[in-house]
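> The following block contains a protein sequence and its predicted model.
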Amino acid sequence: MPWILLTVAGFLEIAWAIGLKYTEGFTRLWPSVGTAAAMVGSVVLLGLAMRHLPVGTAYAVWTGIGAVGTVVLGIVLFGEPATVARLACIALILAGIVGLKVFSAA
């Protein structure tokens, strides 16, 4: 269960990171409300997952999911460059996330 909570927390991190773009500096009400809700939900679920997972593992996986998802959605939604170097770096982050899961005691 803690890994599921952590994964959902990571997806909410992606949601709020992408949501920041749509808030236009928190000048748009509903995108701002949704972004704030995703922020709170993400941190709450991260905290719940940390009851059973090591802090270093949980935090690294949470930020890794957020980073990978945000880069991928930046490419898809905003036309950001998908260079070989960027994709290779994302692959390294994914390898780190998988490694932390595989070698985690929880």
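Received, thanks. These figures come from a predicted structure and were not determined experimentally. Numbers count the residues shown, from 1 in each chain.
> now this structure, which segments are flagged as low pLDDT?
106 (pLDDT under 70).
> host element of the residue lying farthest from the centre of the chain?
Largest separation from the mean C-alpha position in the chain: residue 27, at 23.4 Å (Cα atoms, centre = their mean). Using DSSP states H and E, residue 27 sits in no helix or strand.
> Distance of it relative to residue 7?
32 Å (Cβ to Cβ, to the nearest Å). In short, each C-beta sits where N, CA and C put it, glycine included.
> Relative to residue 18, how far out is the most centrally placed residue in the chain?
Residue closest to the mean C-alpha point of the chain, counted by Cα atoms, centre = their mean, is residue 66 at 1.8 Å. For residue 66, the distance to residue 18 equals 10 Å [Cβ to Cβ].
> ok, back up a step: any idea how far the residue farthest from the centre of the chain is from residue 35?
12 Å.
> Likewise for residue 43?
Distance of residue 43 to residue 35, computed by Cβ to Cβ: 13 Å.
> Residue 57 now?
Distance, residue 57 to residue 35, using Cβ to Cβ: 26 Å.
> Same check on residue 47?
19 Å.
> Between the two, tell me which one has more neighbours.
Ranked by neighbour count (other Cβ atoms under 10 Å), residue 47 and residue 35 place residue 35 first, with 21 against 12.
> show me the contacts for the more buried one.
Applying Cβ atoms under 8 Å, 6 or more residues apart in numbering to residue 35 gives the contacts 15-16, 19-20, 22-23.
> can you give me the helices in the chain?
Per DSSP state H, the chain carries helices over the ranges 2-23, 29-49, 55-78, 84-102.
> among those helices, which is the most enclosed?
Of these, the one with the most neighbours on average (mean count of other Cβ atoms under 10 Å) is helix 2-23, at a mean of 19.
> Let me know whether residue 22 touches residue 33 as I believe.
No. Residue 22 is beyond contact range of residue 33, at 11.2 Å (criterion: Cβ atoms under 8 Å).
> Which neighbours do these two have in common?
What both residue 22 and residue 33 touch, as defined by Cβ under 8 Å, 6+ apart, is an empty set.
> With that, I have no additional questions.
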